[in-house]
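**Q** fold the following and give me the result.
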Amino acid sequence: MDSSVEKKISDVSVQAKDFIGRFYNHLDASRVRLDALYSANPTLVWNGNKIQGAAGMIQFLKAMPQSKHTIDAMEAQPTAAVPGVTVLLLTTKGSVEYGSDSPRPFSHSFVLLPDAKPTAKGQQQWVIQNECFRLH
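**A** Next up is the predicted model:
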């Protein structure tokens, strides 16, 4: 494999791990901060129910019971859906507890777009364009 491709995949994996850490931390402990992780017009499919737009998604997520996610596996793949723009396909699987319910397995997929604002360290940030969550 070309060393530049290997570096890109390695960089994407580090960025994806950081994104997933922030996303689930916000979802479990600080839902008011979730809006910063979404693009202007995202789509969420939650167990087959489609929610369009950031405002509706944030309202839906904030209304959910308290949660605790445990991530067992994560995979990130850069794609070139738009020429010249790297888009990330990110998938996770794990378990989630809602309130005092028993843990349930879930899978979660994201399509991430590059955010126009880099981090203070000049690193690429990502925002969610599409998301699909499924309890099993």
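
**Q** so what's the residue count around Gly48?
**A** For Gly48, the neighbour count with other C-beta atoms under 10 Å is 8. Backbone N, C-alpha and C define where each C-beta goes, glycine included.

**Q** contacting residues for it?
**A** For Gly48, the contacting residues are Arg134, by C-beta atoms under 8 Å, 6 or more residues apart in numbering.

**Q** cool, and Ser39?
**A** Per C-beta under 8 Å, 6+ apart, neighbours of Ser39: 54, 113, 127-129.

**Q** and the two most separated of those?
**A** Ala54 and Leu113 (13.0 Å; C-beta to C-beta).

**Q** where exactly do the helices run in the chain?
**A** Using DSSP state H, the helices of the chain run over 3-29, 54-63.

**Q** to Lys117, which of the ones you listed lies closest?
**A** The closest of the helices of the chain to Lys117 is helix 3-29. By C-beta to C-beta, the value is 14.0 Å.

**Q** so what sits opposite the residue positioned nearest the centre of the chain in the bridge?
**A** The centroid of the chain falls nearest to Phe110 when counting by C-alpha atoms, centre = their mean (5.1 Å). In this entry, Phe110 is beta-bridged to Leu90, Glu131, by DSSP bridges.

**Q** check contacts around it.
**A** 88-91, 128, 130-131.

**Q** tell me how far it lies from Ser102.
**A** Look at Phe110 and Ser102: by C-beta to C-beta, to the nearest Å, they are 26 Å apart.

**Q** ditto for Ala80
**A** Counting by C-beta to C-beta, the gap from Ala80 to Ser102 is 41 Å.

**Q** now Ser4
**A** Applying C-beta to C-beta to Ser4 and Ser102 gives a distance of 46 Å.

**Q** and the pLDDT at the closest residue to Val45 other than its chain neighbours?
**A** In space, and not counting its chain neighbours, Val45 is closest to Cys132: 4.5 Å by C-beta to C-beta, 6 or more residues apart in numbering. Predicted confidence (pLDDT) for Cys132: 98.

**Q** contact partners for Cys132?
**A** Applying C-beta under 8 Å, 6+ apart to Cys132 gives the contacts 44-45, 108-109.
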